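Undergrad: Fold the following for me, if possible:
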Amino acid sequence: MFSIGVNTWVWVSPLTGEDLVRLAPKVAGWGFDVIELPVEQIGDWDPKQAADLLAELGLKASVVLVMPPGRELVAAEGATVRATQDYLRRCVDAAVAVGSPVIGGPAYASVGRTWRMSGEERRACYAELRENLTPVGEYAAERGVTVAVEPLNRYESSLINTVEQAVEAVGGIPGVGLALDVYHMNIEERDLAAAVRQADELVAHVQVCANDRGAPGADHLDWPGLAGALREVGYRGPLCIESFTAHNRSIATAASIWRPLATTQDDLATRGLAFLRTL
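TA: This is a model prediction of the structure:
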């Protein structure tokens, strides 16, 4: 059986230490195995305090990186790339502190940054990404953490939208795998299970939600096929619910959440948990 997690973005953004003290006991009480912790800015929450809290509650952690404007590993000035690399290393440090095996997210360009590329220009960007991500991957690998690179849908990025592109861009970099997000896959992949099989042993993390970013299961997705493919490739990590609240202006705008996706955010989490247990 897969372990099941939930991202704190379901309720808040940015996550703070006070938020975690409030949310983690609820998440544990509902029966989740994992709580997913975004690092929007270094210092928003204290990794040591978080580790102590989660240990008391019997919760495991996963860490997600965040790429707002100004965090770039391609087509950017050297100072921007170096600052982004430093941020990613600090995310790795946070993951080590809380026991997360991954830092997951679009570790290549800021969310919402899009531009047209010829095939030659895309290959050049991928080569630049490999050069700039490799030292971060090596840093992570030395500490037992995987940088899980997440393909995003075409409206949020023009660089890596599909598993095929992600494998081309980052496959073989030490300490680097893939984070598969069902929301983006539903837009960009023609067959969810086939995309998982294409990622194969690179699958390092999986985020789930309905096709509208609501509770998993309240949708048209082939969940049994997806779960079967994940087992086929040997994925042993959690399925983490990632959704967002419409009540936070900044994150609702960034994620295009224009209406409530459940009666309450608690309901979204618990209904998703109940469905995912059936897998």
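Undergrad: List the contacts of the longest helix along the chain.
TA: Determined from DSSP state H, the single longest helix within the chain is helix 119-142. Residues outside helix 119-142 that contact it (C-beta atoms under 8 Å, 6 or more residues apart in numbering): 73-75, 81, 84-85, 88-89, 92, 103, 107-108, 117, 146-147, 149, 159, 168-170, 173-176. The C-beta positions use only the backbone N, C-alpha and C, and glycine is treated the same way.
Undergrad: In it, which residues are buried?
TA: Across helix 119-142, burial judged by 16 or more other C-beta atoms under 10 Å covers 122, 125-126, 128-130, 132-134, 136-137, 139-141.
Undergrad: What of stretch 45-57?
TA: Under the neighbour-count criterion of 16+ other C-beta under 10 Å, stretch 45-57 has 45, 47, 50-51, 53-54, 57 buried.
Undergrad: What average pLDDT does stretch 228-248 get?
TA: Stretch 228-248 shows a mean pLDDT of 94.
Undergrad: Which positions within that stretch qualify as buried?
TA: By 16+ other C-beta under 10 Å, the buried positions in stretch 228-248 come out as 229-230, 235, 237-245, 248.
Undergrad: Can you tell me how far residue 124 is from residue 186?
TA: With distances taken as C-beta to C-beta, to the nearest Å, residue 124 is found 30 Å from residue 186.
Undergrad: With residue 145 instead?
TA: Distance, residue 145 to residue 186, using C-beta to C-beta: 28 Å.
Undergrad: okay, the two: which has more neighbours?
TA: Higher neighbour count among residue 145 and residue 186: residue 145, with 23 against 17, using other C-beta atoms under 10 Å.
Undergrad: Could you check how far the more buried one is from residue 155?
TA: Distance of residue 145 to residue 155, given as C-beta to C-beta: 29 Å.
Undergrad: re earlier: any chance of TSV for the buried residues of stretch 228-248, columns distance to residue 197?
TA: Shown next, in TSV, are those (distance: C-beta to C-beta, whole Å):
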residue	distance to residue 197
229	6
230	10
235	11
237	16
238	20
239	17
240	21
241	23
242	22
243	26
244	29
245	34
248	36
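Undergrad: average pLDDT for stretch 269-279?
TA: Taken as a whole, stretch 269-279 has an average pLDDT of 97.
Undergrad: What are the contacting residues of it?
TA: Here stretch 269-279 makes contact (C-beta under 8 Å, 6+ apart) with 1-2, 4, 6, 10, 27, 30-32, 208-209, 215-218, 223-224, 227, 239, 241, 262.
Undergrad: again, 10 Å this time
TA: Stretch 269-279 has contacts (C-beta atoms under 10 Å, 6 or more residues apart in numbering) with 1-7, 10-11, 23, 26-27, 30-33, 208-210, 214-219, 223-224, 226-228, 230-231, 238-241, 243, 262-264.
Undergrad: Which residue ranges of the stretch 101-250 of the chain form helices?
TA: In the stretch 101-250 of the chain, the segments counted as helices under DSSP state H, counting those that start in this stretch are 119-142, 163-170, 182-188, 192-199, 223-232, 249-254.
Undergrad: pLDDT on the fourth one, on average?
TA: It stands for helix 192-199. 98.
Undergrad: for that helix, packing partners?
TA: helix 163-170, strand 176-181, helix 182-188, strand 203-208, helix 223-232 (3 or more C-beta pairs under 10 Å, 6 or more residues apart in numbering; DSSP states H and E).
Undergrad: And the fourth one, how far out from the chain middle?
TA: In terms of C-alpha atoms, centre = their mean, to the nearest Å, the gap separating the centre of strand 203-208 from the centre of its chain is 7 Å.
Undergrad: And for the third one?
TA: Distance of helix 182-188 from the chain centroid (C-alpha atoms, centre = their mean) equals 13 Å.
Undergrad: tell me what it is packed against?
TA: Judged by 3+ C-beta pairs under 10 Å, 6+ apart, helix 182-188 is in contact with helix 163-170, helix 192-199, strand 203-208, helix 223-232.
Undergrad: Show me the one of those that comes nearest residue 66.
TA: Nearest to residue 66, of all these, is strand 203-208, at 13.5 Å by C-beta to C-beta.
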